[in-house]
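> show me the folded form of this:
(one chain, ligands or ions: 1)
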Amino acid sequence: MKPRSIGFSTKAIHGRKHFDKHEPADHKPIRSISTPIFMSSTFAFESAEHGAQVFAGKVDDYFYTRMGNPTTAALESEIAYLEGAEMGLAFGSGMAAISHLMFGLVKSGEKLVYSDTVYGGTHMLFGEVCPKYFNIETVHVNGCDLDEVARAVDDRTKMLLIETPANPTLAIIDIAACAEIAHRHNAPLVVDNTFATPYLQNPIEFGADIVVHSATKYLNGHGDVVAGLLVGPKKYLTEVHHEILREVGGIISPFNSWLILRGIRSLPVRMDRHCASAAEIAKYLAFHPKVDRVYYPGLRTHPGYEIAKRQMRDFGGMVAFDIKGGRDAGRVLCNNVNLWTLAVSLGDVDSLLSHPASMTHSTYDDAMLATSGIGPGLIRLSVGLEDVDDLIDDLSQAFKKI
Ligand SMILES: Cc1ncc(COP(=O)(O)O)c(C=O)c1O
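Numbers count the residues shown, from 1 in each chain. Now for the predicted structure:
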């Protein structure tokens, strides 16, 4: 009888493990310019003793991707570096980043204050989910009214969250002033920096403690990933990592970490084009007879212009406007664009257009829409990387159909 050789299944599983020790089979040095993707759920222990040491916390080695992954760690250190923070954490979505942070900072019976013009999902989490399921008191304030912010934040407040520029009205909030208010009560200031990205704004420079990103947007930039990031000091984020992320488990896929690392490499050139085109489109809209009002922090008429100039390096790629004729006129415009895609999300190479009152902010009731300054005919534009003249021509022909 022929001696039994290693079976096909065993070969299929073990035969091609050229990189199991992260060394090629021929031992040539690897100097890859792109971070490798460690698409591995688990990492082998060298011995039973090594495994015991890792579990006892005596050795900090990779062993399971929910607890840590080298590709994700590269992204976490990259975003911390770009934001000037001590540490970074990556999550499966922007909402996972915000909710895990909330779990880590605010306990049952405590209080959270947030600015009222925020992404609709954030409002839903804070306004509905927190009080209903976690006995957390949540108060929303007009973030541009610093007296209102100061009145709401007290010693029971464990987190003040603001979004600036805000989604979708591009309201600009004074980061330094909010940090001062939060710190009077030993509460951390959290800034959602999704719209600006670290290329345009570093909230920590102005006193913020923690920065949140929906990396789904400009950081990745190509409309093919959902992910979230947090950066801040170890004193807050170590606990969020060890006690919340590892156990609640809203981690990012290593492949998505790699895509975002790749996206970040072209962030500056993409942002320069987004900003330049958005500024042109804002000017075009400001003189358009069918437009009531334009919201773009780079226009001198914008109430936050001076603050934006102080805390941002440019004004970003998002523009919003109130169309004359409200919701009905908005619907005609949305249905008649060709180059612009009617879609939520933002920060992609493609130009996107959305109607917040019926889409991203449909979680807001009428009163909340009114206090947040979101009109029924507000249209939000995420200006992409196409030729700006083509984008303007497309809007012009759609306006003519109204
Ligand atoms: C400003 C802002 N923050 C957070 C989020 C939530 O991010 P994600 O969709 O990645 O969960 C969004 C989503 O649109 C957003 O616009």
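
> every contact and neighbour count from this point should use C-alpha atoms.
Fine.

> let me see the contact set for the closest residue to the ligand within the chain.
Nearest to the ligand, among the residues of the chain, is G94, at 3.4 Å (CA to the nearest ligand atom). G94 makes contacts with V212, H213, S214, A215, T216, V226, A227, G228, L229, as judged by CA atoms under 8 Å, 6 or more residues apart in numbering.

> what do you get for A357?
Under the criterion of CA under 8 Å, 6+ apart, the neighbours of A357 are Y364, L369, I374, G375, P376, G377, L378.

> would you list the phi and psi of the fifth one?
Torsion angles at P376 (phi, psi; degrees, to the nearest 10) stand at phi -60, psi -20.

> next one: the last one
Summarising the backbone geometry of L378 under the convention degrees, to the nearest 10, its torsions are phi -70, psi 130.

> that one touches G325, doesn't it?
No: contact status for L378 versus G325: not in contact, 10.6 Å apart, counting by CA atoms under 8 Å.

> between these two, which one's more packed in?
When L378 and G325 are compared for neighbours, L378 comes out ahead with 26 against 15, by other CA atoms under 10 Å.

> with secondary structure, distance to L333 and pLDDT added, can I get the contacts of A357 in TSV?
Formatted as TSV, these follow (DSSP: H, G, I helix; E, B strand; the rest coil; distance: CA to CA, whole Å; pLDDT from 0 to 100):
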residue	secondary structure	distance to L333	pLDDT
Y364	coil	23	77
L369	helix	21	81
I374	coil	18	85
G375	coil	16	86
P376	coil	14	85
G377	coil	11	87
L378	strand	11	93
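
> which residues in the stretch 251-400 of the chain form helices?
With DSSP state H, counting those that start in this stretch, the ranges of helices along the stretch 251-400 of the chain come out as 254-265, 267-286, 305-311, 326-336, 366-371, 388-400.

> circling back: pipe the contacts of G94 into CSV and attach neighbour count and pLDDT per row.
Below are these laid out as CSV (neighbours: other CA atoms under 10 Å; pLDDT from 0 to 100):
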residue, neighbour count, pLDDT
V212, 26, 98
H213, 29, 98
S214, 27, 98
A215, 29, 98
T216, 26, 98
V226, 19, 98
A227, 26, 98
G228, 27, 98
L229, 29, 98
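
> of these, which are in range of the ligand?
S214, T216, V226, A227, G228 (CA under 6 Å from any ligand atom).

> look up how far T194 lies from the spatially closest residue to the last one that is not a sequence neighbour.
Counting by CA to CA, 6 or more residues apart in numbering, G94 is the residue found nearest to G228 once chain neighbours are left out, at 3.7 Å. G94 sits 9 Å away from T194, taking CA to CA, to the nearest Å as the criterion.

> so what sits against both of these two?
V212, H213, S214, A215.

> mind putting those residues into a markdown table with secondary structure?
Output for the shared contacts of G94 and T194, formatted as a markdown table (DSSP: H, G, I helix; E, B strand; the rest coil):
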| residue | secondary structure |
| --- | --- |
| V212 | strand |
| H213 | strand |
| S214 | strand |
| A215 | coil |
